[in-house]
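> Need a 3D model of the following:
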Amino acid sequence: MNVSNTPQGGVEAEPRAGRRARLFQRAPLAIVEVGGDLTIHDWNDAAERLLGHASREALGRRVDELLPVSGDPDAWRRLLAEDDPTPRVWAHVRKDGREVCFEWLHERLLDEQGKVIGVGVFGQDVTARMDQLRRHQQKQVVLRTITQTLPIVVWAIDREGIFTFHEGKGVVSAGIEEGAHIGKNVFELYAGNEGNDELRRALEGEASHSLSESHGVFWENWEIPIRDEQGKVYAVVGFTLDISDAKRTEQELRTKLDLIERQQQVIRDLSTPIIQVWDGVLTLPMIGVVDSQRTAEVMDTLLDAIVRTGARYAILDLTGVEMVDTKTASYLLELVRAIRLLGAEGIVTGIRSNVAQTIVSLGIDLANITTLSNLRAALQHCIRQMTKERAAPVALQAAPGRG
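Numbering: from 1, shown residues only. This next block holds a predicted model:
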């Protein structure tokens with residue numbers, strides 16, 4: 001490289017040139033001198049170490065062949081023509097095949113007439129730095145994509161509660177200009193907000209999750225404390241998601257579920273109507289498939305009706321019942337026993353042949369339960385029994401007394 005000056009004294013010339021040569025070789029930067037025809041004239045130890053090519057391999061070769069710039073084959077030739085001191089960051093392939101990123105500074109070399117005869121370049125390996133920069137840029141793109149796509153607010157406050165970051169699509173939906181909160185205190189902006197307690201806990205080191213409402217929007221919040229190397233909390237990062245749509249959907253679903261439950265209750269009431277067919281006689285006609293849940297509901301309803309009306313007889317009409325299971329048969333027996341405990345008589349009518357076979361196969365004993373063929377027979381039975389009960393006191397009063 002043309003870096004020597006005309007010596008002022010013969011004694012000092014050699015030592016100075018030697019020192020310069022040693023500095024050139026030992027410099028931590030890769031130093032390469034390139035001629036006007038792009039051939040390499042000089043190549044120091046750092047260039048050999050960082051790029052993998054020994055000086056004997058590099059000297060005399062074209063730099064654009066030994067170190068082609070990825071994606072830009074004319075980059076070295078343009079460097080000779082440009083007088084721009086801006087550093088260039090280029091990707092090269094080392095001798096071992098590994099790609100590296102180099103940041104090059106350059107100085108054009110001129111002859112006595114000012115004509116460019118070459119260029120000196122000084123480079124350092126910035127592969128790690130560029131990888132870190134790419135990762136940082138990727139994180140920025142990901143964060144920006146999230147904040148501009150989802151109904152979310154990403155924010156950060158310092159130890160005093162001052163906003164240092166406040167971005168996201170959710171900011172706009174709340175009617176706030178993006179960045180308007182930067183430099184303002186969250187506890188002053190949202191004084192009295194229920195979420196302030198969670199924020200204070202986060203500043204004390206406890207991550208929190210909360211729901212809140214502000215600006216006419218329902219929010220789901222996550223507050224995450226950020227610690228320094230000593231473990232001390234110096235900031236809180238938050239994610240606030242607009243859940244207004246989900247909240248409205250939830251309310252609509254609750255309304256619909258309540259309506260469905262009311263409708264189902266009406267259907268249950270219609271499917272198991274309790275009818276007072278005679279003074280003191282209730283009947284419960286059951287239709288379709290009788291399962292355990294339905295039988296349990298029937299028990300509560302029927303027992304309440306017996307107590308309320310003071311009924312003496314309760315007729316369970318199974319004419320329309322297609323099938324029963326084990327638990328259902330047991331529930332029917334329990335229902336009859338419960339009716340008896342209330343001082344009334346439970347009567348079962350209309351048992352179909354297939355239901356009868358099921359009851360027999362299950363080994364259920366109906367010996368102590370009054371069973372009749374149909375509702376008419378049951379009603380006649382109840383009338384006869386009530387007639388006998390009314391006749392008994394009259395007979396006792398008419399019997400002759402003892403002298």
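> quick one: low-confidence parts of the stretch 101-250 of the chain?
Judged by pLDDT under 70, the stretch 101-250 of the chain has no weakly predicted residues.
> which residues in it form helices?
127-149, 169-173, 186-189, 196-203, 244-271 (DSSP state H, counting those that start in this stretch).
> Include mean neighbour count and distance to residue 88 when you put these into CSV, please.
C-beta coordinates here come from the backbone N, C-alpha and C atoms, glycine included. Formatted as CSV, the helices of the stretch 101-250 of the chain follow (neighbours: other CB atoms under 10 Å; distance: least, CB to CB, whole Å):
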stretch, mean neighbour count, distance to residue 88
helix 127-149, 12, 13
helix 169-173, 19, 38
helix 186-189, 15, 45
helix 196-203, 18, 46
helix 244-271, 11, 50
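> export these to TSV and tack on distance to residue 324?
As requested, the helices of the stretch 101-250 of the chain are arranged in TSV below (distance: least, CB to CB, whole Å):
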stretch	distance to residue 324
helix 127-149	57
helix 169-173	57
helix 186-189	64
helix 196-203	55
helix 244-271	15
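> among those, which is nearest residue 81?
Comparison of the helices of the stretch 101-250 of the chain against residue 81 by CB to CB identifies helix 127-149 as nearest, at 25.7 Å.
> domains in this structure, as residue ranges please.
With domains defined by automatic domain parsing, the chain comprises 14-125, 147-245, 272-393.
> wait, which of the helices of the stretch 101-250 of the chain is closest to residue 359?
The minimum distance between residue 359 and the helices of the stretch 101-250 of the chain falls on helix 244-271, with 21.7 Å, by CB to CB.
> which residues touch the residue nearest the centre of the chain?
Centroid-nearest residue in the chain, with CA atoms, centre = their mean: residue 241, separated by 10.7 Å. The neighbours of residue 241, taking CB atoms under 8 Å, 6 or more residues apart in numbering as the test, are 150-153, 170, 219-221.
> Out of those residues, which sit inside strands?
Here DSSP state E is the test, and the contacts of residue 241 give 152-153, 219-221 as lying in strands.
> can you give me the helices in the stretch 251-400 of the chain?
Going by DSSP H, counting those that start in this stretch, the stretch 251-400 of the chain shows helices at 292-309, 326-341, 353-361, 375-398.
> What residues sit buried inside the longest one?
Across helix 375-398, burial judged by 16 or more other CB atoms under 10 Å covers 375, 378-379, 381-382, 385-386.
> Quick check: residue 102 touching residue 92?
Yes: in terms of CB atoms under 8 Å, residue 102 counts as a neighbour of residue 92; the distance is 6.0 Å.
> Compare neighbour counts for these two and give me the winner.
The neighbour count for residue 102 versus residue 92, taken as other CB atoms under 10 Å, is higher for residue 102 (24 against 21).
> how far out from the middle of the chain is stretch 73-93?
48 Å (CA atoms, centre = their mean, to the nearest Å).
> hang on, the earlier thing: CSV for the domains of the chain, including distance to residue 138?
Putting those into CSV (distance: least, CB to CB, whole Å) gives the following:
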stretch, distance to residue 138
domain 14-125, 16
domain 147-245, 15
domain 272-393, 56
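> of all those, which lies closest to residue 141?
Residue 141 sits nearest to domain 147-245 of all these, at 10.6 Å, using CB to CB.
> Over to stretch 367-377 now: how far is its first residue from its last?
Using CA to CA, to the nearest Å, the end-to-end distance of stretch 367-377 comes to 18 Å.
> oh sorry, the question was meant for stretch 19-35
End to end - CA to CA - stretch 19-35 spans 23 Å.
> Same question for that stretch: list its buried residues.
Applying 16+ other CB under 10 Å to stretch 19-35 flags 24-25, 29-35 as buried.
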